[in-house]
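build me a structure from this.
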Amino acid sequence: MLANTHLKHGLAHCPNCETALVAPFEAAGKNAKCQRCATRFELPSATELFEEAVVYLIEREEDGRAYDPYSVEFQPTVAASP
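Coordinates of the predicted model:
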């Protein structure tokens, strides 16, 4: 079940501090607030959120790092079962 939640979120970057932020696709185009520097900005389109997530995952795989979409600021809403 937890794996399905990964498909509902993309990545955006704060225009001020470049912090990567996880955002749900349904929030595309809406206002957001950076958790690090408190800058308010408009989230990009769902397509751009998706593309940023893909780039992030490809870079991690190329660097030999584990698949971990939660290494950026995000609190999952569904608990993983052991």
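
so which helix or strand of this protein has the lowest pLDDT on average?
The helix or strand of the chain with the lowest confidence, counting by mean pLDDT, DSSP states H and E, is helix 2-6 at a mean of 45.

what residues of the helix or strand that comes right after it count as buried?
Following helix 2-6 in sequence order, the next helix or strand is strand 9-13 (DSSP states H and E). Neighbour-count burial for strand 9-13, counted by 16 or more other C-beta atoms under 10 Å, picks out 9, 10, 11, 12. C-beta: built from backbone N, CA, C; applies to glycine.

scan this structure for its longest helix.
helix 46-62 (DSSP state H).

contacting residues around the residue nearest to residue 44 when sequence neighbours are not counted?
Leaving out its chain neighbours, the residue that sits closest to residue 44 by C-beta to C-beta, 6 or more residues apart in numbering is residue 12, at 6.0 Å. Going by C-beta atoms under 8 Å, 6 or more residues apart in numbering, residue 12 touches 20, 21, 23, 32, 43, 44, 48, 49, 52.

any idea what residue 12 is bridged to?
residue 21 (DSSP bridges).

roughly how far does it sit from residue 47?
From residue 12 across to residue 47, the span is 12 Å (C-beta to C-beta, to the nearest Å).

just to revisit the earlier point, next, the angle strand 9-13 makes with the longest helix of the chain.
Orientation check (axes from the mean of the first three to the mean of the last three C-alpha atoms, to 10 degrees): helix 46-62 against strand 9-13 gives 90 degrees.

number of nearby residues for residue 29?
Neighbour count for residue 29, taken as other C-beta atoms under 10 Å: 12.

my guess is it meets residue 43, correct?
Yes. Assessed by C-beta atoms under 8 Å, residue 29 is found in contact with residue 43 at 6.2 Å.

which residues touch residue 44?
12, 28, 29, 52.

give me the number of residues near residue 23?
20.

isn't it right up against residue 10?
Yes. If you go by C-beta under 8 Å, residue 23 and residue 10 touch, sitting 6.0 Å apart.

now stretch 30-40: buried residues?
residue 34.
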